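Participant: I need the structure of the sequence given here:
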Amino acid sequence: MIEKIQIPSSLGKKLVAAVHYPESQMDPPAGEASKLAILCPGYLDTKEYPHLIELAKTLAEKGYTSVRFDPTGTWESEGDIAEYTTSQFLKDIQSVLEYMLRERSYEHILLGGHSRGGMKRRLINLQLLNNPT
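Facilitator: Numbering: from 1, shown residues only. Prediction:
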């Protein structure tokens, strides 16, 4: 199942995301850990980039709740393109993560990305390691 959602950004603007839910989420097998994947698009790419969609579908088949999103100021998300900066992209990833963790707790979290999204994924991993919440 795929659900389109809106997530508030750190700027108070709406980030538009698509969430792919695994079939097992409604009734997970005993002992199965809940898993989340956040997929970041490349430079000026959209969450609708075909490779991100296919990756999200594959991860959902493997039991992950997968989230694809458009960063602030791009595509369906609110904001001006001038707000599409590295620091705001990192804050957007954090907003997506915090939103999803309010919805449900996850034992495994995967951050992935294409091109610029992959670079931002690495930066947010370093940020989280240095400043765990």
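Participant: which ones are touching residue 48?
Facilitator: The neighbours of residue 48, taking C-beta atoms under 8 Å, 6 or more residues apart in numbering as the test, are 68, 75. Heads up, the C-betas are built off the backbone N, CA and C, glycines and all.
Participant: For it, what are phi and psi?
Facilitator: For residue 48, the backbone dihedrals are phi -90, psi 10 (criterion: degrees, to the nearest 10).
Participant: What confidence value was assigned to it?
Facilitator: In this prediction, residue 48 carries a pLDDT score of 96.
Participant: Where does residue 55 fall, secondary structure wise?
Facilitator: Counting by DSSP states H and E, the secondary-structure element that holds residue 55 is helix 50-61.
Participant: Following element in sequence after that helix, please.
Facilitator: Proceeding N to C from helix 50-61, the next assigned helix or strand is strand 64-69, under DSSP H and E.
Participant: As PDB, could you dump the C-alpha coordinates of the helix or strand following that following strand?
Facilitator: Counting by DSSP H and E, the element after strand 64-69 in chain order, helix or strand, is helix 86-103. Once side chains and other backbone atoms are set aside, the C-alpha atoms of helix 86-103 remain, and they are given as PDB (Å, rounded to 0.1, in the frame of the first residue of the first chain):
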ATOM      1  CA  THR A  86      22.300  21.500   2.100                       C
ATOM      2  CA  SER A  87      21.400  22.500   5.600                       C
ATOM      3  CA  GLN A  88      17.700  22.600   4.900                       C
ATOM      4  CA  PHE A  89      17.800  19.200   3.100                       C
ATOM      5  CA  LEU A  90      19.400  17.800   6.300                       C
ATOM      6  CA  LYS A  91      16.600  19.400   8.400                       C
ATOM      7  CA  ASP A  92      14.000  17.900   6.000                       C
ATOM      8  CA  ILE A  93      15.500  14.400   6.500                       C
ATOM      9  CA  GLN A  94      15.300  15.000  10.200                       C
ATOM     10  CA  SER A  95      11.700  16.200   9.900                       C
ATOM     11  CA  VAL A  96      10.800  13.000   8.000                       C
ATOM     12  CA  LEU A  97      12.500  10.800  10.500                       C
ATOM     13  CA  GLU A  98      10.900  12.500  13.500                       C
ATOM     14  CA  TYR A  99       7.400  12.400  11.900                       C
ATOM     15  CA  MET A 100       7.700   8.700  11.200                       C
ATOM     16  CA  LEU A 101       9.000   7.900  14.700                       C
ATOM     17  CA  ARG A 102       6.000   9.700  16.200                       C
ATOM     18  CA  GLU A 103       3.800   7.400  14.100                       C
END
